[in-house]
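> show me how the following folds:
(one chain, ligands or ions: 2)
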Amino acid sequence: MLFSVVPKEKRKDLFNYTQEYNHLIKNIKDKKTPITVITGLRRTGKTSLMKVAYNQTRTKKIYLDARELGKNMNEVSRNILIELTKDDYLSRILGRISAVEISHFPVSLKIELTKNEKRLLDVLSQAGEITIFIDEVQKLKSIGFDNFISYVYDNLPNVKFILSGSEIGLLDKFLGRESSKTALYGRAIDIIHLHPLTEEKSVEFLERGFKEIGRKFEKEKLKEVVYRLDGIIGWLTMFGWFVSKKNTVDRATNNVLIEGGKLVKKEFETFLSNRYQAKKRYTLVMKIISQEPALWSEIKEYLERKEKKRINDKQITKYLDNLIDYGFIVKKDRKYMIADPVMISVFKR
Ligand SMILES: Nc1ncnc2c1ncn2[C@@H]1O[C@H](COP(=O)(O)OP(=O)(O)OP(=O)(O)O)[C@@H](O)[C@H]1O
Ligand SMILES: [Mg+2]
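Ligands and ions are numbered 1, 2, ... in the order given. Below is the predicted model of the structure:
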């Protein structure tokens, strides 16, 4: 069902993105691509692409959601081991390892290995070809999981990673794309980027989805919907879902702005929750650029006018960088903007 609102699992439910899908499948098969990363704005279908590819993969594999893996390296390693040992073959390997006491691995200078980490590396070293899918991997930066991946990259050519995450800038930082001081800096990482759908593809998606549920609408009507919701497949899916629940087209579009808006708001509040002091400023930044894209200097001027005092340049840059890191805003042609119409509607109110 194209209008099902959970991430897709089956190939037949994955609309478009054929090239990206084939690219990912090729990388999973190809021995020379140890790390592949799926990036893209929020709700463009990263998790869906990853899950469908995972389900289509015949080699040994595990799928992990980093939000559920634990708070430190030892716990995370243990949970990955639990996942791995759901496979009979790997479970036997672990049995053998536990019996003999672990690790003939040289302790790397860069990382100190916990007991479970050693055990995990031992299992992985004997696992044969294996692909590890991790969604929301940027969440594991604080516990040094990037060190772990780079260690595996350097020492275990049989292990492949497929990574993704919704906080695009943090994902970049996890991957060390910006700083030579990070663990994964300079490693060969293949990026698959998911773009929003074009207007034409968006309309086609809606038509196909409606055909599945025995409905049909004028093309012009659907174009209006796409004009309001844009080509973000997550919102178009939610729209279709609302229509399937007996909403009129107009009502369903409004419901996406309202219900989707609540979702966006919640994500933004989570972002603000440990930024107590700058809460108001972040919200003001979102407010001004929800009106129209703005230059750095315009944002600074607006904040200063609102607060009636000068604000340090570095602070302004930090706010904007953080908002980009968490995927709330993008920078295009020197201007900061919100790319998501639902998010725009939340802050414009
Ligand atoms: N190619 C696709 N075909 C059909 N539906 C899709 C496709 N990609 C995503 N969807 C739908 O869009 C919504 C968002 O998808 P998904 O969770 O995979 O996106 P995401 O990029 O991982 O989002 P986030 O950035 O929040 O993690 C879901 O309802 C999903 O079913
Ligand atoms: Mg996702």
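> quick one: the helices in the stretch 1-150 of the chain, in order.
Taking DSSP state H, counting those that start in this stretch as the test, the helices found in the stretch 1-150 of the chain are 18-29, 46-56, 73-84, 88-100, 115-125, 145-155.
> who's in contact with the helix or strand harbouring Lys223?
In this assignment (DSSP states H and E), Lys223 forms part of helix 219-229. Surrounding helix 219-229, the residues in contact under the criterion CB atoms under 8 Å, 6 or more residues apart in numbering are 199, 202-203, 206-207, 235-236, 239, 249, 253, 256-257, 341-342. C-betas here are computed from N, CA, C, even on glycine.
> repeat that with 7 Å
Contacts with helix 219-229, where a contact means CB atoms under 7 Å, 6 or more residues apart in numbering, come from Glu199, Ser202, Val203, Leu206, Glu207, Trp235, Leu236, Phe239, Val249, Thr253, Val256, Pro341.
> counting neighbours, what do you get for the first one?
So that's Glu199. For Glu199, the count of nearby residues is 14 (other CB atoms under 10 Å).
> next: the fourth one.
Counted with other CB under 10 Å, the burial measure for Leu206 works out to 29 neighbours.
> and the angle from the host helix or strand of Leu236 to helix 46-56?
Mapping Leu236 onto the secondary structure by DSSP H and E places it in helix 233-244. Angle, helix 233-244 to helix 46-56, by axes from the mean of the first three to the mean of the last three CA atoms, to 10 degrees: 90 degrees.
> which SSE is immediately downstream of helix 233-244?
Next along from helix 233-244, by DSSP H and E: helix 249-255.
> the helix or strand of the chain with the lowest mean pLDDT - contacts with which helices or strands?
The helix or strand of the chain with the poorest confidence is helix 88-100; it has a mean of 75 (mean pLDDT, DSSP states H and E). Under the contact criterion of 3 or more CB pairs under 7 Å, 6 or more residues apart in numbering; DSSP states H and E, helix 88-100 touches helix 115-125.
> can you pull the buried residues of the helix it packs on?
Asn116, Glu117, Lys118, Arg119, Leu120, Leu121, Asp122, Val123, Leu124, Ser125 (16 or more other CB atoms under 10 Å).
> next, count neighbours for the residue lying closest to the fifth one once chain neighbours are set aside.
In this case it means Leu120. Once flanking residues are discounted, Leu120 sits nearest to Ser77: 4.4 Å by CB to CB, 6 or more residues apart in numbering. Residues near Ser77, counting by other CB under 10 Å, number 24.
> my read: Ser77 touches Thr114, true?
Yes. The pair Ser77 / Thr114 is scored as a contact, 6.5 Å apart, by CB atoms under 7 Å.
> what residues does the protein have near ligand 1?
2, 4-8, 13-17, 40, 42-48, 166, 233-234, 237 (CB under 6 Å from any ligand atom).
> one more pass at 5 Å, please.
Neighbours of ligand 1 within the chain, by CB under 5 Å from any ligand atom: 5, 7-8, 14-15, 42-48, 166, 233-234, 237.
> using the record's assignment, carve this structure into domains.
17-194, 199-266, 275-348 (automatic domain parsing).
> could you check the pLDDT of whichever residue of the chain sits closest to ligand 1?
Closest to ligand 1 within the chain is Gly45: 2.6 Å, counting by CB to the nearest ligand atom. pLDDT for Gly45: 98.
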